[in-house]
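Novice: Any chance you can model this:
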Amino acid sequence: MKPETLHAWFDSAITQSFDRSRALLSFDEYLGILAENPERALRGSAAYMADMMDHFGTTKADPSSGMEDRFNVFDGTPSSRKVVGLESVQHAIYKSLRTFQRQGFNNKLILLHGPNGSAKSSLIHALMTGMERYSNTPEGATYTFNWVFPHEKITKGALGLASQSTARDGKFTSYAKLGDEEVAARIPSDLHDHPFLLIPVERRREFLEKTIGKEKTDKLWPALPLTLTQGDLNPRCKEIASALLKANDGDFRKVLMHVQVERFHFSRRYRKGMVTVEPQLHVDAQFNLLAMNRNYSNLPASLQSLNLFTLTGDLIDGNRGGIEYSDLLKRPVDSFKYLLVACETGAVNVGQAIVYVDTVFLGSCNDLQLDAFKEFPDFMSFKARMELIRVPYLLRISEEAQIYREELRQVAQTKDVSPHTDWALASWGVLTRLKKPNSINYPPGISSIVAALTPLDKAKLLDTGEMPAPLGPEDRKVLRANMKRVREEYQNVPYYEGRIGASAREIKSILFSAAQNPEFSCLSPLAVLREMEDFVKRTSEYEFLRQDIKDGYHDCAEFIQTVRAEYLNVIDREVRDSIGLYDSKQWEDFIRRYVQHLSLVLKKEKHKNPLTGKLEDPDYPLIEEFEKIIEAPTGETELTTFRNGIVTQIGAWSLDHPNAPVVYSKVFPEYWRKLEKHYYQSQKDVLTKMHDALLLYGREDAAASDAFSTNAALSEGQRLAKQTVENMKKNLGYTEEGAREVITFLMKARYH
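Specialist: Residues are numbered from 1 along each chain as shown. All right, here's what the predicted structure looks like:
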């Protein structure tokens with residue numbers, strides 16, 4: 001494509017995009033937008049932010065998981081990281097915004113509080129990024145206005161308001177779309193004021209009735225934000241509007257000729273409707289005399305006599321959108337007392353003027369700062385103007401693991417990363433945060449069950465709902481029915497669950513330190529567990545490492561061994577699966593057939609043989625074999641109770657998963673493990689052969705060759721080792737070094 005053709009295409013595309021966005025409008029054109037969708041055009045900042053959250057949609061949660069639906073705006077973009085979990089916090093923010101909308105103004109500051117590194121700022125930044133994206137859509141179009149004053153050659157009048165003013169098409173119109181060469185001065189609205197504020201406050205309802213009709217106005221007016229029904233223009237725009245009205249003998253139509261309605265887009269980077277206020281002390285808003293530069297020297301004579309002031313500062317830049325007060329309570333209290341008035345009245349005194357603001361006030365602080373602030377004499381006054389929303393650490397291992405995957409992707413560019421590394425980091429982190437269930441908080445039927453939960457039991461329960469292996473069917477049923485109580489036990493106490501423990505920041509430091517350890521060829525769970533052993537010695541630096549240990553809870557050093565043991569269980573299954581000696585589906589089929597024949601026994605029924613068509617007794621040998629392997633009770637009464645419990649568990653699972661086929665490995669995970677263990681005890685000799693061969697695997701020296709050629713067991717082991725490593729590479733994502741590391745670790749720990 002020739003340069004001139006390329007430029008023509010590009011210019012045309014930009015022009016079409018500009019026209020479609022309706023970036024510059026006359027006031028009359030804006031009224032068309034208002035009439036088309038008044039609810040959207042007359043939103044306040046809280047409604048806008050809540051609508052933005054709705055715009056990006058939600059992801060439905062599994063009702064049985066105990067989780068809430070997730071707002072997709074927190075899923076991350078190239079400019080903001082995903083906020084993992086914290087759905088309850090997302091809904092608390094949304095609820096607050098809708099409450100502000102119903103009340104008519106934002107009468108509270110939403111203060112996110114929690115331990116350090118619990119994603120408070122990430123939540124706010126996700127909202128701000130969502131505002132930026134939403135403002136670029138047709139549904140999120142937002143408008144403000146400028147004052148436009150043409151050159152005298154355009155107006156042919158001293159005041160720039162001659163009745164013969166025309167546009168290029170010859171019709172009486174506005175100066176909104178004059179080219180730069182025809183404009184003498186353009187003055188923006190300091191606070192991104194809404195164009196509706198140009199209408200005198202006493203005439204706004206009547207004006208709206210004339211625009212959209214009385215019936216729609218009667219329905220809409222009570223729902224409008226107070227800034228639009230009772231607020232006013234910023235001081236500079238008010239002065240200009242008043243001067244123009246006087247100069248034109250009250251002809252408001254001629255005042256509106258100077259109004260250029262402009263679509264503006266939220267931008268945190270450029271401080272357009274979104275601002276982050278850092279904790280260092282500085283003035284949030286200032287009132288200064290407007291510098292008389294060349295632009296303003298070209299104003300009409302009737303305006304040059306005015307003392308026009310300009311408003312600057314964080315509070316001004318953040319109007320119409322949101323202001324984040326990062327680490328709010330690190331600032332001296334006197335520096336943000338104005339927020340009491342701003343939240344109570346929707347207006348702020350700035351210098352010689354009262355400024356009406358419409359912005360969502362958001363803040364963050366850590367719990368220690370909030371605890372200290374509660375001792376402040378004026379805390380109760382502030383509390384009435386703050387919506388406190390708790391942001392704890394995550395308590396689900398699967399969610400916590402997602403946090404570290406981005407860092408692991410970075411590490412993978414320079415060093416191999418083994419499977420389960422994110423899981424190992426997340427498991428230890430979550431274990432450090434859990435609190436022991438207090439039996440006095442539960443009724444008698446459940447108190448002894450929850451009191452016996454180990455930290456790992458509780459972690460699995462909160463994450464996937466997995467029941468502790470020792471529990472019988474009835475205890476499982478009781479615990480499953482009280483899951484909500486377990487999750488919420490420490491929700492309403494000062495030292496809530498998720499307040500103390502390892503933060504994601506600290507765990508990331510462990511991750512990156514482990515990645516630099518030359519002792520390990522790849523970043524693996526073994527590498528991070530080694531790094532954790534050094535980390536837990538730094539008790540003087542981290543409060544959570546100094547907690548009193550209670551029945552295994554808060555024992556951060558022991559949690560390393562807990563994760564290591566659980567990791568052994570995981571890789572034990574992976575290695576055995578990769579050997580290829582059996583198909584894991586056989587256990588599923590074995591349990592299925594046991595349940596089918598057991599049901600026949602309990603119902604005292606026979607089954608039809610699919611081959612012969614004859615009725616036959618249940619397969620008693622199969623039932624006895626299964627019950628022997630899983631160590632079922634042998635007493636007649638106990639065995640009957642056990643068998644009835646099996647059928648009950650199947651029924652309970654089916655109720656929780658309607659229309660889904662029964663997955664026996666999930667209904668009876670403890671029996672599945674016992675079946676595997678029983679089988680592999682019989683195959684221990686095979687595993688030993690493979691381990692011995694693995695010590696020589698990959699070597700090409702003469703000693704290794706002689707060993708393989710003269711020792712049949714080693715030769716068979718070599719075949720198994722090679723097959724296992726290849727399967728682990730192909731099916732599980734290991735590298736060859738990583739697979740060998742895992743197999744060697746497993747054999748030393750379990751089979752030697």
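
Novice: The nearest residue to residue 607 once chain neighbours are set aside: what's it in contact with?
Specialist: Closest residue to residue 607 apart from its sequence neighbours, by CB to CB, 6 or more residues apart in numbering: residue 600 at 5.7 Å. No exception for glycine: its C-beta is placed from N, CA and C like everyone else's. Counting by CB atoms under 8 Å, 6 or more residues apart in numbering, residue 600 makes contact with 606, 607, 618.

Novice: Relative to residue 329, which of those is nearest.
Specialist: Nearest to residue 329 out of those is residue 618 (CB to CB; 69.2 Å).

Novice: Can you tell me how far that closest one is from residue 598?
Specialist: 8 Å (CB to CB, to the nearest Å).

Novice: Pick out the least confidently modelled helix or strand of the protein, by mean pLDDT.
Specialist: Lowest mean confidence among the helices and strands of the chain (mean pLDDT, DSSP states H and E): helix 702-710, at a mean of 46.

Novice: what's downstream of that helix, the next helix or strand?
Specialist: Next along the chain after helix 702-710, taking DSSP states H and E as the criterion, comes helix 712-732.

Novice: Export that next one to PDB, keeping only CA atoms.
Specialist: Output of helix 712-732 as PDB, limited to C-alpha atoms (Å, rounded to 0.1, in the frame of the first residue of the first chain):
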ATOM      1  CA  ALA A 712      18.100 -59.000  34.700                       C
ATOM      2  CA  ALA A 713      16.400 -57.200  37.500                       C
ATOM      3  CA  LEU A 714      18.200 -54.000  36.600                       C
ATOM      4  CA  SER A 715      17.400 -54.500  33.000                       C
ATOM      5  CA  GLU A 716      13.700 -54.800  33.800                       C
ATOM      6  CA  GLY A 717      14.000 -51.800  36.100                       C
ATOM      7  CA  GLN A 718      15.700 -49.800  33.400                       C
ATOM      8  CA  ARG A 719      12.800 -50.400  31.100                       C
ATOM      9  CA  LEU A 720      10.300 -49.400  33.800                       C
ATOM     10  CA  ALA A 721      12.300 -46.300  34.700                       C
ATOM     11  CA  LYS A 722      12.500 -45.100  31.100                       C
ATOM     12  CA  GLN A 723       8.800 -45.800  30.600                       C
ATOM     13  CA  THR A 724       7.800 -44.000  33.800                       C
ATOM     14  CA  VAL A 725       9.900 -40.900  33.100                       C
ATOM     15  CA  GLU A 726       8.600 -40.600  29.600                       C
ATOM     16  CA  ASN A 727       5.000 -40.900  30.800                       C
ATOM     17  CA  MET A 728       5.600 -38.200  33.400                       C
ATOM     18  CA  LYS A 729       7.000 -35.900  30.800                       C
ATOM     19  CA  LYS A 730       4.200 -36.600  28.300                       C
ATOM     20  CA  ASN A 731       1.200 -36.700  30.700                       C
ATOM     21  CA  LEU A 732       2.100 -34.600  33.700                       C
END
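
Novice: Name the residues of it that are buried.
Specialist: For helix 712-732, the neighbour count (16 or more other CB atoms under 10 Å) marks 714, 717, 718, 720, 721, 724, 725, 727, 728, 732 as buried.

Novice: Can you read off the pLDDT for the second one?
Specialist: To tie it back to what came earlier, the one meant is residue 717. Predicted confidence (pLDDT) for residue 717: 62.

Novice: Include secondary structure when you put the contacts of residue 600 into a markdown table, please.
Specialist: Compiled in a markdown table, the contacts of residue 600 are given as follows (DSSP: H, G, I helix; E, B strand; the rest coil):
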| residue | secondary structure |
| --- | --- |
| 606 | coil |
| 607 | strand |
| 618 | coil |
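
Novice: Just the buried ones from those?
Specialist: Neighbour counting by 16+ other CB under 10 Å classes residue 618 among the contacts of residue 600 as buried.

Novice: and the contacts of residue 600 as a markdown table, adding pLDDT and distance to residue 387?
Specialist: As requested, the contacts of residue 600 are arranged in a markdown table below (pLDDT from 0 to 100; distance: CB to CB, whole Å):
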| residue | pLDDT | distance to residue 387 |
| --- | --- | --- |
| 606 | 80 | 66 |
| 607 | 77 | 63 |
| 618 | 83 | 62 |
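
Novice: just to revisit the earlier point, distance to residue 126 added to the buried residues of helix 712-732, as JSON lines?
Specialist: As requested, the buried residues of helix 712-732 are exported to JSON lines (distance: CB to CB, whole Å):
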{"residue": "714", "distance to residue 126": "57"}
{"residue": "717", "distance to residue 126": "53"}
{"residue": "718", "distance to residue 126": "53"}
{"residue": "720", "distance to residue 126": "50"}
{"residue": "721", "distance to residue 126": "48"}
{"residue": "724", "distance to residue 126": "44"}
{"residue": "725", "distance to residue 126": "42"}
{"residue": "727", "distance to residue 126": "41"}
{"residue": "728", "distance to residue 126": "38"}
{"residue": "732", "distance to residue 126": "33"}
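
Novice: Show me which pair in those residues is furthest apart.
Specialist: So, those by CB to CB: farthest apart are 714 and 732, at 25.2 Å.

Novice: related to what we said a few turns ago, which one of the buried residues of helix 712-732 is nearest to residue 251?
Specialist: Proximity of the buried residues of helix 712-732 to residue 251, judged by CB to CB, is greatest for residue 732, which lies at 79.0 Å.

Novice: List the residue ranges of the stretch 101-250 of the chain that fall below the pLDDT cut-off.
Specialist: Scanning the stretch 101-250 of the chain for pLDDT under 70 picks out the ranges 153-172.

Novice: Now do the strands in it.
Specialist: Ranges of strands in the stretch 101-250 of the chain, per DSSP state E, counting those that start in this stretch, are 109-114, 143-150, 183-188.

Novice: ok, and which of the ones you listed has the densest surroundings?
Specialist: strand 109-114 (a mean of 24; mean count of other CB atoms under 10 Å).

Novice: just how off-centre is the helix with the most length in the chain within its chain?
Specialist: In the chain, assigned by DSSP state H, the helix with the most residues is helix 556-579. Helix 556-579 has its C-alpha centroid displaced from the chain centroid by 29 Å (CA atoms, centre = their mean, to the nearest Å).

Novice: Quick one: the helices in the stretch 351-500 of the chain, in order.
Specialist: In the stretch 351-500 of the chain, the segments counted as helices under DSSP state H, counting those that start in this stretch are 367-373, 379-383, 397-411, 421-431, 444-451, 455-464, 473-481, 483-488.

Novice: Same check on the stretch 101-250 of the chain?
Specialist: Here the stretch 101-250 of the chain has its helices, by DSSP H, counting those that start in this stretch, at 120-135, 152-155, 204-212, 214-220, 226-229, 235-247.

Novice: Tell me which of the ones you listed is the most buried.
Specialist: Note that of the helices of the stretch 101-250 of the chain, helix 120-135 is the most buried (mean count of other CB under 10 Å), with a mean of 23.

Novice: Report all helices and strands that it contacts.
Specialist: helix 45-55, helix 87-103, strand 109-114, strand 274-277, strand 322-325, strand 360-366 (3 or more CB pairs under 8 Å, 6 or more residues apart in numbering; DSSP states H and E).

Novice: Which of the ones you listed sits closest to residue 652?
Specialist: Residue 652 lies closest, by CB to CB, to one member of the helices and strands packed on helix 120-135: helix 87-103, at 25.9 Å.

Novice: For the closest one, give me every contacting residue.
Specialist: Residues outside helix 87-103 that contact it (CB under 8 Å, 6+ apart): 44, 46-47, 49-50, 53, 61, 67-71, 74, 83, 106-108, 110, 112, 123, 127, 223, 225, 360, 387, 389-391.

Novice: In contact with the nearest residue to residue 725 once chain neighbours are set aside, which residues?
Specialist: Residue nearest to residue 725 in three dimensions, not counting chain neighbours: residue 739, with 4.6 Å by CB to CB, 6+ apart. With contact set as CB under 8 Å, 6+ apart, residue 739 has these partners: 724, 725, 728, 729.

Novice: rewinding a little: using ChimeraX, define a selection of the buried residues within the contacts of helix 87-103.
Specialist: A single ChimeraX command selects the buried members of the contacts of helix 87-103 (16+ other CB under 10 Å):
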select :44,46,47,49,50,53,67,70,71,74,83,106,107,108,110,112,123,127,225,360,387,389,390,391
